[in-house]
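Trainee: no sequence on this one, just coordinates:
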């Protein structure tokens with residue numbers, strides 16, 4: 001696979017924000033695919049003290065931690081990559097925040113049954129959709145001492 005112009009532009013923009021950013025610095029990285037964000041994540045781990053991972057790619061990271069993710073969106077080919085990212089963060093003394101609770105649904109439809117469960121308790125046949133309320137509060141607290149926050153991708 002080859003990185004394209006959009007990724008090059010993202011990295012150029014992020015490099016400018018990081019170079020001029022005040023510490024402590026955090027990054028919020030969202031999106032559905034680890035595969036499209038791995039280069040960005042790797043670069044941000046070298047520069048930021050804290051990283052929040054959100055969006056659909058959260059479920060690849062949760063699976064990498066050994067959690068059941070039901071029918072949530074997962075890039076199985078990148079579970080090992082997610083483990084490597086978490087290992088690198090630990091070796092560098094950086095903190096990656098993943099959701100502690102998840103809004104789940106029994107199908108992807110407006111009339112689906114929904115509930116909030118712990119991130120490690122997504123049942124078979126259910127899919128993760130979004131952060132739960134505890135995760136949102138934790139993210140707010142996690143960022144409270146940061147002087148620079150960079151966001152890349154949807155959450």
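Mentor: All right, it came through fine. The structure displayed is predicted, hence computed values, not measured ones. Numbers count the residues shown, from 1 in each chain.

Trainee: What separation do you get for the residue of the chain positioned farthest from its centre and residue 128?
Mentor: Farthest-out residue of the chain from its mean C-alpha position, per Cα atoms, centre = their mean: residue 111, at 26.8 Å. As defined by Cβ to Cβ, to the nearest Å, residue 111 lies at a distance of 18 Å from residue 128. (Glycine included, C-beta is placed from N, CA and C.)

Trainee: hmm, who's touching stretch 135-150?
Mentor: 14, 17-18, 21-28, 44, 48-50, 52, 95, 97, 99-102, 119, 131 (Cβ atoms under 8 Å, 6 or more residues apart in numbering).

Trainee: Give me the buried entries from these.
Mentor: The neighbour-count test (16 or more other Cβ atoms under 10 Å) marks 14, 17-18, 21, 25-28, 44, 48-50, 52, 97, 99, 101-102, 119, 131 as buried among the contacts of stretch 135-150.

Trainee: Against residue 77, how distant is residue 34?
Mentor: From residue 34 to residue 77 the distance is 9 Å (Cβ to Cβ).

Trainee: Neighbour count: those two, which is higher?
Mentor: Just comparing residue 34 and residue 77: by other Cβ atoms under 10 Å the higher neighbour count belongs to residue 34, 25 against 10.

Trainee: ok, which stretches of this structure are strands?
Mentor: 25-29, 50-53, 95-97, 101-105, 114-118, 127-131, 148-152 (DSSP state E).

Trainee: and the shortest one, what does it pack onto?
Mentor: Okay, so that is strand 95-97. Contact partners of strand 95-97 among helices and strands, from 3 or more Cβ pairs under 8 Å, 6 or more residues apart in numbering; DSSP states H and E: strand 50-53, helix 79-92, helix 133-143.

Trainee: Repeat that for the fourth one.
Mentor: Under the contact criterion of 3+ Cβ pairs under 8 Å, 6+ apart, the helices and strands touching strand 101-105 comprise strand 114-118, strand 127-131, helix 133-143.

Trainee: Indicate which one of those is closest to residue 71.
Mentor: Among these, strand 127-131 comes nearest to residue 71, with 4.5 Å by Cβ to Cβ.

Trainee: Spatially central residue for the chain, please.
Mentor: residue 53 (1.7 Å).
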